[in-house]
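Asker: Pasting a predicted model and its sequence here:
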Amino acid sequence: MRQPKRRSRHGINGAPSAGSSLIGARPRPVHVLTVGIVVATVGALAGGTAGWAIGRLEPARASGHATWSLQAVPNPPVGVATQLNGVSCVTAPSCAGVGVSTSHTIGPLTERWNGTTWTSTPAPSPASSRSSVLNDVSCTLTTNCLAVGERTTATGATRSLTERWNGKAWAIVSSANPQGAAYVDLNAVSCVRSSCEAVGFTSARTFHDVALAEHWNGRTWTVQAVARPSTASLALVSVSCRSASWCLAVGHTVGARVGTSFAERWNGARWSLITAPEQAGGETTFLRSVSCTSTHSCVVVGDVAAASGTSTTLALQWDGATWTKIATPNVPHTTMDVLESVDCMTGVSCVAVGVDAGSSKGDKTLVERRSGASWTVMASPNPSGAASSQLVAVSCTAQVVCESVGTYTASSRTRSFAERYVGLLTGR
């Protein structure tokens, strides 16, 4: 069973992890490969890869008129691991990526895409911190991005970390931390104009997490009261906002009922719990990503894990009052398909990406597209020679261009890759 994200999205030690990370003070369960750099590459409609080659492509595993094409990205020197955990594109030629870089030290990684090339944009590390990680980023303008994550203090405690891009440089922004917390981590952020909501978890003692939400008003961060289900441990992992007074966040409870999902809605004054649908027959749900196109139209993706250890893809529609399960396909003859990320252009036009991890041939990329009332598997290549590969995030900048990013392992080394789709993604 793949466990939900509760800290930074991945480790960066170049090998699969069953429950630990090099980043931070204590181990956390992860559900994806721990790999090196992950870079999103977004190009103009008529553009292409800029001078990088990744070798032959494996055949895509589904048919379609338009397919995803594999893009190569630069990888770090031997001995240096870098990883982008989040990406936000204002337009196709304007994106920001954030993550972590580690060699002798562990610090934040930030990069900018200008439509032609990715450029490193140095981000500061807080003084006296042992490590710093940026988990997610949200941009509203080419001159306004906010990134969130965590930093580990000299004593081993973790504190929230937020940094802001003004079009020229990144700068640390004083962040908020709940009183008495030993561990604080911001997993995701969503901004509308100058207002942002960030979600994650906090705890006063080891392995007893509670959901966390913080609000940015353009000047300062404030910790918000969050409705908390009665459970041993829980965390929020994704958030999508339509305005300063409306957001939807999803997460997981972890404890007596491992994998029970929950959702919360922000109305501008308070967070309130929304009952998420449960599965029958000993199955548990993992809600991993949410994308809202209006206050009455949100799509959430993840997976349903059975007691036998198998997982199948999951997609839910929220209309502002009720949940509706939308049938999603799975790759034939496999036992574990997971959707990690979703981006919707309209309420009936979405792209979700993830991993087909149940094959004897190793993990493979998985892309699904919603057009109207149905989801279908899209063709998605894998890097040649990869022992395992997966897609972890997707960003669509219109209804014609989507970029997905991922990682793969080959010859005991980790690498990053990007896939690009150009084609009309309208619903019926």
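Answerer: Received the coordinates, thanks.
Asker: what about residue 390, how many neighbours?
Answerer: Residue 390 is flanked by 25 other residues according to other CB atoms under 10 Å. In short, each C-beta sits where N, CA and C put it, glycine included.
Asker: Report the beta-bridge partner residues of it.
Answerer: residue 407 (DSSP bridges).
Asker: Quick check: it vs residue 138, distance?
Answerer: 23 Å (CB to CB, to the nearest Å).
Asker: same check, this time on residue 131
Answerer: For residue 131, the distance to residue 138 - CB to CB - is 23 Å.
Asker: Kindly report the same for residue 410.
Answerer: Separation of residue 410 from residue 138 (CB to CB): 32 Å.
Asker: Tell me, how many residues neighbour residue 129?
Answerer: That count, for residue 129 with other CB under 10 Å as the rule, works out to 18.
Asker: Next up, the contacts around it.
Answerer: Going by CB atoms under 8 Å, 6 or more residues apart in numbering, residue 129 touches 151-154.
Asker: does residue 330 sit in a helix or strand, and which one?
Answerer: Secondary structure from DSSP states H and E places residue 330 outside every helix and strand.
Asker: what's near enough to touch it?
Answerer: Contacts of residue 330 by CB under 8 Å, 6+ apart are 312-313, 337.
Asker: Separate out the buried members of those.
Answerer: Buried positions within those, assessed by neighbour count (16 or more other CB atoms under 10 Å), are 312-313, 337.
Asker: Okay, and which of the residues you listed map to strands?
Answerer: Using DSSP state E, 312-313, 337 are the members of the buried ones among the contacts of residue 330 that sit in strands.
Asker: can you list those residues in JSON lines and add distance to residue 111?
Answerer: Listed next are these as JSON lines, based on distance: CB to CB, whole Å:
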{"residue": "312", "distance to residue 111": "34"}
{"residue": "313", "distance to residue 111": "30"}
{"residue": "337", "distance to residue 111": "30"}
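Asker: a markdown table for the residues you listed, including pLDDT and distance to residue 176?
Answerer: Formatted as a markdown table, those follow (pLDDT from 0 to 100; distance: CB to CB, whole Å):
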| residue | pLDDT | distance to residue 176 |
| --- | --- | --- |
| 312 | 93 | 39 |
| 313 | 95 | 36 |
| 337 | 95 | 38 |
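Asker: so where's the stretch 101-250 of the chain shaky on pLDDT?
Answerer: Along the stretch 101-250 of the chain, segments meeting pLDDT under 70 span 206-207, 230-232.
Asker: the strands in it, which residues?
Answerer: 106-113, 118-120, 129-141, 144-153, 158-165, 170-173, 183-192, 195-203, 210-216, 221-224, 234-243, 246-253 (DSSP state E, counting those that start in this stretch).
Asker: Redo these as CSV? Include distance to residue 262.
Answerer: As requested, the strands of the stretch 101-250 of the chain are arranged in CSV below (distance: least, CB to CB, whole Å):
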stretch, distance to residue 262
strand 106-113, 30
strand 118-120, 36
strand 129-141, 19
strand 144-153, 21
strand 158-165, 21
strand 170-173, 29
strand 183-192, 14
strand 195-203, 12
strand 210-216, 8
strand 221-224, 16
strand 234-243, 7
strand 246-253, 6
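Asker: Looking at those strands, which is nearest to residue 260?
Answerer: strand 246-253 (4.5 Å; CB to CB).
Asker: Given that closest one, what are its sheet partners and their directions?
Answerer: Here, using DSSP bridges, strand 246-253 pairs with strand 234-243 (antiparallel), strand 261-266 (antiparallel).
Asker: now that strand against strand 183-192, angle please.
Answerer: If you take axes from the mean of the first three to the mean of the last three CA atoms, to 10 degrees, strand 246-253 sits at 150 degrees to strand 183-192.
Asker: ok now strand 246-253, how far from the chain's centre?
Answerer: Strand 246-253 has its C-alpha centroid displaced from the chain centroid by 14 Å (CA atoms, centre = their mean, to the nearest Å).
Asker: Check stretch 197-207 too.
Answerer: 17 Å.
Asker: And for stretch 98-109?
Answerer: That offset, for stretch 98-109, works out to 18 Å (CA atoms, centre = their mean).
Asker: cool, stretch 135-146 as well?
Answerer: On CA atoms, centre = their mean, the centre of stretch 135-146 falls 15 Å from that of its chain.
Asker: Which residues belonging to that stretch are considered buried?
Answerer: So for stretch 135-146, counting by 16+ other CB under 10 Å, buried means 135-140, 142, 144-146.
Asker: Residue 380: which of the residues you listed is nearest?
Answerer: Distances from residue 380 to the buried residues of stretch 135-146, taken by CB to CB, are shortest for residue 136, at 23.2 Å.
Asker: got the end-to-end distance for stretch 376-394?
Answerer: 16 Å (CA to CA, to the nearest Å).
Asker: Need the mean per-residue confidence for that stretch.
Answerer: Summarised as a single mean, pLDDT over stretch 376-394 is 89.
Asker: Separate out the buried members of the contacts of residue 129.
Answerer: 151-152.
Asker: Next, format the contacts of residue 129 as JSON lines and append distance to residue 283.
Answerer: Formatted as JSON lines, the contacts of residue 129 follow (distance: CB to CB, whole Å):
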{"residue": "151", "distance to residue 283": "37"}
{"residue": "152", "distance to residue 283": "36"}
{"residue": "153", "distance to residue 283": "40"}
{"residue": "154", "distance to residue 283": "43"}
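Asker: Check the contacts of residue 129 against residue 238 and report the nearest one.
Answerer: residue 151 (21.4 Å).
Asker: Quick check: that closest one touching residue 158?
Answerer: Yes - between residue 151 and residue 158 a contact is recorded at 6.8 Å, counting by CB atoms under 8 Å.
Asker: Export the strands paired with strand 246-253 as TSV, with columns for mean neighbour count and distance to residue 370.
Answerer: As requested, those are exported to TSV (neighbours: other CB atoms under 10 Å; distance: least, CB to CB, whole Å):
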stretch	mean neighbour count	distance to residue 370
strand 234-243	23	16
strand 261-266	22	19
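Asker: Let me see the contact set for residue 275.
Answerer: Contacts of residue 275 by CB under 8 Å, 6+ apart are residue 263.
Asker: any idea of the pLDDT on it?
Answerer: 81.
Asker: With that, I have no additional questions.
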